[in-house]
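Chemist: Here is a sequence together with a model predicted from it:
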Amino acid sequence: MGADVDARVFTREDRMRFRRQVQRGTDAIARMLAEGLFTDDGAPPEPLLGMEVELNLVDDEMEPAMANADALEAIADPDFQTELGQFNIEINVAPRPFVDQNTLNLEDSLRDSLNRADERARAAGSNLVMIGMLPTLEEEHFGKQWFSANPRYDLLNEQVFAARGEDIEIDIEGAPLPGAVVGERLDITSDTILPEAACTSLQLHLRVAPEDFAAHWNAAQAIAGVQVAIAANSPFLAGKALWHETRIPLFEQATDTRPIELRNQGVRPRVWFGERWITSTFDLFEENTRYFPALLPVCSDVDPLAEVAAGRSPELPELRMHNGTVYRWNRPVYDVVDGHAHLRVENRVLPAGPTVVDTMANAAFYYGVVRALVEADRPIWTQMSFDAATENLHSGARDAFDAGLYWPNVGWIRPDELVLRRLLPLMDAGLKSYGVGSRSRERYMEVLQGRCITRQTGSSWQRAAVAAREEAGETRHQALRGMLTDYVQLMHEGKPVHTWEV
């Protein structure tokens, strides 16, 4: 997905050729699955924890700093890369074994890397903020001049608008702030896809054997609503208090290639939760091939079926490029490392932040609960409808701990009660099954337990802090800047968000 693309104009022939190559790539995956040609066929892969964390840049006044090129030059670390907007960068955390106390080592390593990067970025005039959505972003920051320098982003922007044929409308109605009666609404249009850059996330990768992929993807889908409810950290955009996890509706709208007429016809969106439980990873690649036209139809001359016939793992650049422009909340990833092909589930529902320990706790919850659900005697996805999982995602994102979520054999329940009563024991069992040590398990379970007991996420803290400042007489913009100043200080202190005071 992150491959560079040179600026260019695509022809009709490019699109037809790309479609054929994607189809042949899909056929190649089908053949590899049927003939057991993946690296992990027949044996579960070593459990590896891998993650990407997207970050925002601000100046000393807590305003967006359009300076990612300068920040990356100062950081001078290949683990840090550019992102869509000039106010974004990303850190890629190399996969490591998910056993013993390695999660604690990863926590220390991530904190050290972020501290070192922040110190260097500050020398270049920027501060790093690990947050789901930068609260001081305004409409003016979505202009085309604020794209990162990589031609890929301009080209992607052009292709989205060519497919859509009109400006993008962002229309989100939020929940009331503490003390308010009526929720606020954001209703704007944008002539770029840069509102997408406001969505800064934590992306978790899990390598799985092909025969186990469907179970892991289904389990990840089943808990997506719980994930966003207990980890919400994105309540403000363009001066408005919106959903607790505004990333979810914003991302769905900001990259929508469908005008309203196509939406009315039921054409599928490119930001997609899906529409059914699956039985194979092939289901997802086939859906991507069948339903979505190309956005970046860059072709190679390699025949993937010929590569498979020759006993080589095909790189499948067209299929991977296409897969990277279908933004599933849990996405299948095909990759080739040292000539060997494997599959990963990429979990994309979580926001960044607020702290490193909160990030690690959110990751541990995902990995542990998914593992436990996969190993359960009766799969959870045979006990709930896919529509219920879809509604859970939007309800959890909108209302966080106030959401009503559906869970089999429980019915409708608040996320905090569901986690405390049912899911923390599953998390513990799943992490133990992976081989995660007791100190790591207890540390991250205590963080989540505290968050559920206090019912305080990054989002609820932000909303309460802004409401308190406004009650004291500050304007909304002053309150957002002041709140973000406090947020950054607390982020660096590193205590979990449920202990933060307003």
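Modeler: Happy to help now that I have it.

Chemist: Remind me which helix or strand residue 128 belongs to.
Modeler: strand 127-129 (DSSP states H and E).

Chemist: Partner strands of that strand and their direction?
Modeler: strand 48-58 (antiparallel) (DSSP bridges).

Chemist: got the CA coordinates for the strand it pairs with in PDB?
Modeler: Taking Å, rounded to 0.1, in the frame of the first residue of the first chain, the C-alpha atoms of strand 48-58 are listed here in PDB:
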ATOM      1  CA  LEU A  48       4.800 -11.900  16.000                       C
ATOM      2  CA  LEU A  49       3.500  -8.500  17.300                       C
ATOM      3  CA  GLY A  50       3.800  -5.800  14.700                       C
ATOM      4  CA  MET A  51       2.400  -2.300  14.700                       C
ATOM      5  CA  GLU A  52       2.300   1.100  13.000                       C
ATOM      6  CA  VAL A  53       1.500   4.200  14.900                       C
ATOM      7  CA  GLU A  54       0.500   7.400  13.100                       C
ATOM      8  CA  LEU A  55       1.500  10.700  14.800                       C
ATOM      9  CA  ASN A  56       0.500  14.400  14.500                       C
ATOM     10  CA  LEU A  57       2.900  17.400  14.400                       C
ATOM     11  CA  VAL A  58       2.100  20.600  16.300                       C
END
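
Chemist: show me the contacts for residue 20.
Modeler: Residue 20 makes no contacts at all, as judged by CB atoms under 8 Å, 6 or more residues apart in numbering. Every C-beta, even on glycine, is put in place using the N, C-alpha and C of the backbone.

Chemist: what ranges of this structure fall below the confidence cut-off?
Modeler: 1-7 (pLDDT under 70).

Chemist: Which residue of it lies farthest from its centroid?
Modeler: Largest separation from the mean C-alpha position in the chain: residue 310, at 36.4 Å (CA atoms, centre = their mean).

Chemist: ok, it to residue 33 distance?
Modeler: 18 Å (CB to CB, to the nearest Å).

Chemist: What of residue 190?
Modeler: 40 Å.

Chemist: Leaving out sequence neighbours, find the closest residue to residue 435.
Modeler: Leaving aside its sequence neighbours, residue 435 sits nearest to residue 99 (CB to CB, 6 or more residues apart in numbering; 3.7 Å).

Chemist: Run a quick neighbour tally on that neighbour.
Modeler: 16 (other CB atoms under 10 Å).

Chemist: Can you give me every residue that contacts it?
Modeler: So residue 99 contacts 47, 434, 435, 436, 437 (CB under 8 Å, 6+ apart).

Chemist: got it, and residue 484?
Modeler: 58, 62, 129, 134, 135, 136.

Chemist: which secondary structure element contains it?
Modeler: helix 476-493.

Chemist: now the contacts of residue 484: which count as buried?
Modeler: 58, 62, 129, 134, 135, 136 (16 or more other CB atoms under 10 Å).

Chemist: tell me the contacts of the first one?
Modeler: Residues touching residue 58, when contacts are defined by CB under 8 Å, 6+ apart, comprise 64, 65, 87, 126, 127, 129, 134, 136, 484, 488.

Chemist: do the same with the fourth one
Modeler: Under the criterion of CB under 8 Å, 6+ apart, the contact list for residue 134 reads 56, 58, 64, 87, 198, 200, 484.

Chemist: any idea which of those is closest to residue 304?
Modeler: residue 200 (34.0 Å; CB to CB).

Chemist: and the closest one, what is it in contact with?
Modeler: By CB under 8 Å, 6+ apart, the neighbours of residue 200 are 54, 55, 56, 88, 131, 132, 133, 134, 247, 351, 352.

Chemist: Thank you kindly, that will do.
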